[in-house]
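Peer 1: Fold the stuff below for me.
(chains A and B)
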Amino acid sequence: MPTQPIPSPGPQPAAQPVEQPAPHYTEQDMQELRARYQLEASPPEEGRKAKWRCLIADPTCGFNVEINATSAYALRSRQGDAVEAALETWHSGRAQYDLWINLPAATKAVGRFKYTVLTLGPKGGIIASDGATLWGDIGLAGRYWLGRGRWAWTIEFSGALTFKVMEDQARFNGLTNQRSPLGLTVDVGVGVGGFGAIVIGGQFDTPLAREDLPDQERIYPSGMFFVGFRGNIVWGFPAAAAVTTHALTQRFVNP
Amino acid sequence: MAQPIAPQPAPQPAPAAPHYSASGAGVASQPADPGPPPEHGPFFAGEPVSEVRHASGPPPEKPPFLSVGGGAFCFVEDARCKAALLASAHIAAGTNVLRSQIGNELGITLPYTQFGFRGGLTVRPLVLARKRDWHPWALGATVGWSRGSGQVSLPSSDSVESTVRTAHTDALRIALLNQIWLSSKRNAIHIDISIGAIQSNVLDKGAFWGTHLEVAGGVGGWGALFASTDFLDGDTRIVFGLRAHALPAAPIAGLVILGLLAGGALSSGGAM
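Peer 2: Prediction:
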C-alpha cells in the first residue's frame, strides 16, 4: 500500500530579530575606529576657553581684536652732510601702540573643535620716539601659532606704511602737525601665546627733496633699527613699559 | 457587433508624497509647499551647519557685541544691527595739491598727513520697515573733524609777500554714508561710500566749503581702510588711511598722550 507522503512542515516564520536600541555600536567600537585612523583616543567634550573673551589672542579664538604695545631700543639714523655722505646716528627709544584685527586665515580641526593656526589682518597705530615725533602706521600683521595651548610659541610678523603725524617744530614753538612722504616699517618676533613677543625690526622714512621746495620744507632720509618687547595691553606690563620708554626717550634723548 | 465601451472612472490622482517637516515631527498629513525662500545668494545665507567650531568666542546665535534689544541698537556696528552708533578715530596720509596760482602766491603740492575723529549713526531702512529679516544695505550720517599738516605757498615773482606757512589744517566734514554688507555673519566685511561737504581753511585765506568723497572697506564695526578726497577751491586733498572704533582707539590715544605728558612734550608751550 503506498504510503502517504509526509507533508512538509511548510515555511516557518523567520525568528524576529531582537531590536537593539540605538546607537548600534559601543564605545569600544569607537575606540577601535579612532585607533584605526590614528585619532586621539578620548577627545575632550568641552573645548578650552580663552581668557578675557579673546581680547588676548588664543588658538581657540577665530576672529579677535587686540591692542599691542611695543617698547624698544632704537638705533636711529638720519642723513647728514650730503657732500660728505655723512650719516648721523644716535641711540634712542621707540614706543609703538597698534590695533590688530586678526582674521583666522588658516585653521585646523581636532575632534569637534577648530584651532587657529595663522591669523592675518589689517593693523594700524602710532609710533613714538624722541623729539615728540609721532608716526602713524597702517599695514598688515600676522601671527603663526606653533601649538594649540594658551602659552604656545608664536611667530609674529608685521609690515606697515609709516608717515609722520606730529613733531616738535621750533618754527611753530612746539608740538604740531608734520607732513612726510610714506615710509616703511617691518618687524618679526617670537612670542608666547598672545601675551608678548621679542621683536626685531626696522623703519625707513623716505626723503622729500624736490627742487622746487624751499630748504625748510625738505625732509631728509632717516630710519632706525629696533629690538624690543611687544605685548597685549590687557595684562598691563607692555603698556606700562611702552609709556615708560616713551617718557624716558622724550626726556633724556636729545640728538 | 462592437461592444459599447463602458465609461471608465477617471484614474485617482496619486497620493501626495510625504512631507517631512523641518522640526522632525514626522510626516505632515496635509502639507502645503511653502515654495523657495524669497532671498537667495551669499548675502542672505545664514551660518552654515558645521560639526567643528572654535571653542572660544561668541556663538553665531548670540546677539551682536555691545548691543541692546537683540541687535536693535549696537554700540559697535555689526551685520545684524538694525541701528548702530559710529564713533571712530583715524590716521591718514596722502597729498595736498594746491593750485599753482592762488592770488599772488604759488601753491606747492606737498605730502599731507592727518588725524581725526568721526561720529554718526547708521540704520537699515528695509529691516526697520519690516520688509526683510535682514538686508545688506545700511544708510547713515556722519560728522567728523580732522587736523592735518600745514600748507605752504611761495610768493610769486612780482609779489612783495613772504612765504606763507600754516601750522596745521583743520577740517569739518558732514557726510551721507551708504554701506553694503557683504555677509550677514558676525564681523562681516562691508563697503562704505560717503558723500558730503567739508569746511576747511586754505592757507591763511580763511575757511571754505567744498566736497568730500570717501570709499572704505571695513571689518564689522572695528576698523576700516579708506581712501578719501576733499575738493576745495584751489585745494585738493587725497588721503589713504585707517579708521578704528573708539573702543580700541581711546586706550591707544590715552597711552600716547600719557607718554608725551610724562616726557614733558606737552608742558612747555606746545603749540598744538
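
Peer 1: Tell me the buried residues in the one helix or strand residue A:225 maps to?
Peer 2: Secondary structure from DSSP states H and E places residue A:225 in strand A:222-232. Neighbour-count burial for strand A:222-232 flags A:222-226, A:228-232 (criterion: 16 or more other CB atoms under 10 Å in any protein chain shown). All C-beta spots, glycine's among them, are computed from the backbone N, C-alpha and C.

Peer 1: Can you lay out these as a markdown table showing pLDDT and distance to residue B:62?
Peer 2: Shown next, in a markdown table, are the buried residues of strand A:222-232 (pLDDT from 0 to 100; distance: CB to CB, whole Å):
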| residue | pLDDT | distance to residue B:62 |
| --- | --- | --- |
| A:222 | 93 | 48 |
| A:223 | 94 | 46 |
| A:224 | 96 | 44 |
| A:225 | 97 | 45 |
| A:226 | 97 | 41 |
| A:228 | 97 | 38 |
| A:229 | 97 | 35 |
| A:230 | 97 | 31 |
| A:231 | 96 | 29 |
| A:232 | 96 | 24 |
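
Peer 1: mind checking the longest helix of chain A?
Peer 2: Secondary structure of chain A per DSSP state H: the longest helix is helix A:237-252.

Peer 1: Off-centre distance for that one?
Peer 2: 22 Å (CA atoms, centre = their mean, to the nearest Å).

Peer 1: And it, what does it pack against?
Peer 2: In terms of contacts (3 or more CB pairs under 8 Å, 6 or more residues apart in numbering or on different chains; DSSP states H and E), helix A:237-252 is packed against strand A:64-79, strand A:87-110, strand A:222-232, helix B:246-262.

Peer 1: Now that helix: average pLDDT?
Peer 2: Averaging pLDDT along helix A:237-252 gives 95.

Peer 1: So what sits opposite the spatially most central residue of chain B in the bridge?
Peer 2: The residue lying closest to the centre of chain B (CA atoms, centre = their mean) is residue B:192, at 4.5 Å. Counting by DSSP bridges, residue B:192 is bridged to residue B:179, residue B:216.

Peer 1: Let me see the residues that make contact with stretch B:192-199.
Peer 2: For stretch B:192-199, the external contacting residues (CB atoms under 8 Å, 6 or more residues apart in numbering or on different chains) are B:142, B:171-179, B:207-218, B:224, B:226, B:228, B:230, B:232.

Peer 1: quick one on the thing from earlier: export the helices and strands packed on helix A:237-252 to CSV and tack on distance to residue A:27?
Peer 2: CSV is the format used below for the helices and strands packed on helix A:237-252 (distance: least, CB to CB, whole Å):
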stretch, distance to residue A:27
strand A:64-79, 36
strand A:87-110, 20
strand A:222-232, 41
helix B:246-262, 47
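
Peer 1: Between the ones you listed, which one is closest to residue A:172.
Peer 2: helix B:246-262 (16.0 Å; CB to CB).

Peer 1: any idea how far that closest one is from the chain center?
Peer 2: For helix B:246-262 - counting by CA atoms, centre = their mean - the centre lies 24 Å from the chain centre.

Peer 1: and if you look at stretch A:68-87?
Peer 2: 27 Å.

Peer 1: Residue 144 - how many residues pack around it?
Peer 2: Since no chain was named, I'll use chain A. 16 (other CB atoms under 10 Å in any protein chain shown).

Peer 1: meant chain B, my bad for not saying
Peer 2: Neighbour tally, residue B:144, other CB under 10 Å: 25.

Peer 1: any idea what sits nearest it, other than its immediate chain neighbours?
Peer 2: Nearest residue to residue B:144, sequence neighbours excluded (CB to CB, 6 or more residues apart in numbering or on different chains): residue B:118, at 3.6 Å.

Peer 1: Who are the contact partners of that neighbour?
Peer 2: Here residue B:118 is in contact with B:86-90, B:142-145, B:173, B:243 (criterion: CB under 8 Å, 6+ apart).

Peer 1: what sits against residue 224?
Peer 2: Just so you know, I chose chain A. A:74-77, A:92, A:94, A:129, A:202-203.

Peer 1: Hmm, no, I was thinking of chain B.
Peer 2: B:88, B:192, B:216-218, B:242-243.

Peer 1: try it again with 10 Å
Peer 2: A:101, A:122, B:88, B:90, B:189-192, B:214, B:216-218, B:241-245 (CB atoms under 10 Å, 6 or more residues apart in numbering or on different chains).

Peer 1: now these: which count as buried?
Peer 2: Here, 16+ other CB under 10 Å leaves A:101, A:122, B:88, B:90, B:189-190, B:192, B:214, B:216, B:218, B:241-245 buried among the contacts of residue B:224.

Peer 1: picking that back up, which secondary structure element contains the residue nearest to residue B:144?
Peer 2: With DSSP H and E as criterion, residue B:118 is part of strand B:110-123.

Peer 1: May I have the strands that pair with that strand, each with its orientation?
Peer 2: Strand B:110-123 has these strand partners (DSSP bridges): strand B:83-98 (antiparallel), strand B:137-149 (antiparallel).

Peer 1: Tell me which of those sits nearest to residue A:118.
Peer 2: strand B:83-98 (26.6 Å).
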